[in-house]
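> coords please:
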Amino acid sequence: MSITHIVSLSGGIGSYETLKRVIAKEGKEKTIAVFCDTMNEDGDLYRFLSDIEEKTGVRIKRLASGKDPWGLCFEKRFLFNSRVALCSRILKTQLFNDWLKENYSPSDCVLYLGIDFTESHRKEAIVKGYSPYKVEFPMCDKPYVYKYEMVESLKREGIKVPRLYELGFAHNNCSGACFKAGIASWKNLLIKDRVTYLRMEDKEETFRMISGKDVSILKRNGKPFTLRQLREAVDSAPEQMSLFDDEEVGGCGCFVGDFDDENERKD
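You can find the predicted model right below:
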């Protein structure tokens, strides 16, 4: 029986490296790549996906529910934050799982995710979450490669580094405006891409107005800390660009982190 090798592409550099390793081992004819679009991605991510297709010769299957994270917030009347963000679960994990079950049985395929050896603690929860499908993590195997080495490899291949990495973000997802990111990451967005930040700030203020609740994506000292408050604090002290640098950076961990979250809620 022919096995299909399915690589989940996040749009990040780790999943691209994963795809390359799978192709090298299994051949591109037996490999497919799947990208789940949150409809809130940086425009340069789509350019990166096109470059990946051209470089590897593997066509990327693109899935989308038609909703974005903010649409889900308003639909569920709940503002996602660094502790609870259902957007990844619904727009990525659930979408991918539904597609997978409709098209492949556990005996037909092997799944590959792009976490690397620095995140190997996540493997057990992910394997359990996808069972009975088989899941492998090529970047957790030797040769071990750090993200900065992946970036250098990308340059050698002649592929432009995704814009968000160049702006100092750890992930190439959700335009650098991930609900699970911390204060330092949002401050970086404000400094590096003010237009996107102001768009997110406007959405948060709209949600607060419609809900009538004192809620926010971020918290500071255990209290709501809105994007407007963060912007005003940074703008009022431009000479202190290190303001909030010691605050939590956070990270999306989208898709693969959903299984970690499930385990945390069960404990």
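
> name the SS class of His5, please.
strand (DSSP: H, G, I helix; E, B strand; the rest coil).

> do the same with Ile23
helix.

> tell me who's in contact with it.
The contact partners of Ile23, taken as Cβ atoms under 8 Å, 6 or more residues apart in numbering, are 31, 56, 58. No exception for glycine: its C-beta is placed from N, CA and C like everyone else's.

> am I right that the last one is in contact with Thr31?
Yes: the pair Val58 / Thr31 is scored as a contact, 5.8 Å apart, by Cβ atoms under 8 Å.

> who touches both of the two?
What both Val58 and Thr31 touch, as defined by Cβ under 8 Å, 6+ apart, is the set 19, 23.

> I'd like the contacts of Ile23 laid out as a markdown table, including pLDDT, secondary structure and distance to Glu201.
Listed next are those as a markdown table, based on pLDDT from 0 to 100; DSSP: H, G, I helix; E, B strand; the rest coil; distance: Cβ to Cβ, whole Å:
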| residue | pLDDT | secondary structure | distance to Glu201 |
| --- | --- | --- | --- |
| Thr31 | 98 | strand | 41 |
| Thr56 | 97 | helix | 38 |
| Val58 | 96 | coil | 38 |
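
> buried members of those residues into PyMOL, please.
This is how PyMOL selects the buried members of the contacts of Ile23, with burial counted by 16 or more other Cβ atoms under 10 Å:
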select buried, resi 31+56+58
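
> and the helices in this structure?
According to DSSP state H, the chain carries its helices in the segments 13-26, 43-56, 69-76, 86-88, 95-103, 123-130, 147-156, 163-166, 183-192, 194-211, 227-235, 257-266.

> the ones you listed: which one's closest to Cys140?
helix 123-130 (6.7 Å; Cβ to Cβ).

> so that closest one versus helix 95-103, what angle?
Helix 123-130 and helix 95-103 are oriented at 50 degrees to each other (axes from the mean of the first three to the mean of the last three Cα atoms, to 10 degrees).

> elements contacting helix 123-130?
On a contact count with 3 or more Cβ pairs under 8 Å, 6 or more residues apart in numbering; DSSP states H and E, helix 123-130 meets helix 257-266.

> avg pLDDT for the helix it packs on?
In this model, helix 257-266 has a mean pLDDT of 47.

> could you dump the helices of the chain into CSV and include distance to Val110?
CSV is the format used below for the helices of the chain (distance: least, Cβ to Cβ, whole Å):
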stretch, distance to Val110
helix 13-26, 8
helix 43-56, 18
helix 69-76, 30
helix 86-88, 23
helix 95-103, 12
helix 123-130, 11
helix 147-156, 22
helix 163-166, 28
helix 183-192, 33
helix 194-211, 37
helix 227-235, 41
helix 257-266, 17
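
> any idea which of these scores lowest on pLDDT?
Among the helices of the chain, helix 257-266 scores lowest, at a mean of 47.

> how close does Tyr130 sit to Gly71?
Note on Tyr130: its distance to Gly71, by Cβ to Cβ, to the nearest Å, is 27 Å.

> show me which of those two is the more surrounded one.
Using other Cβ atoms under 10 Å, the more surrounded residue of Tyr130 and Gly71 is Tyr130, with 18 against 15.

> my guess is the more buried one contacts Val110, does it?
No: using Cβ under 8 Å, Tyr130 makes no contact with Val110, being 10.5 Å away.

> how is this protein partitioned into domains?
Listed domain ranges for the chain are 4-69+82-167, 182-235 (source: automatic domain parsing).

> ok, how many other residues are close to Pro29?
Not quite, residue 29 is Glu, not Pro. Using other Cβ under 10 Å, Glu29 is surrounded by 11 other residues.

> residues in contact with the nearest residue to Leu190 once chain neighbours are set aside?
Closest residue to Leu190 apart from its sequence neighbours, by Cβ to Cβ, 6 or more residues apart in numbering: Tyr197 at 4.4 Å. For Tyr197, the contacting residues are 177, 186, 189-190, 227, 231, by Cβ under 8 Å, 6+ apart.

> scan those residues and report the most crowded one.
Going by other Cβ under 10 Å, Trp186 tops the contacts of Tyr197 with 28 neighbours.

> next one: it from Arg194, what distance?
Trp186 sits 12 Å away from Arg194, taking Cβ to Cβ as the criterion.
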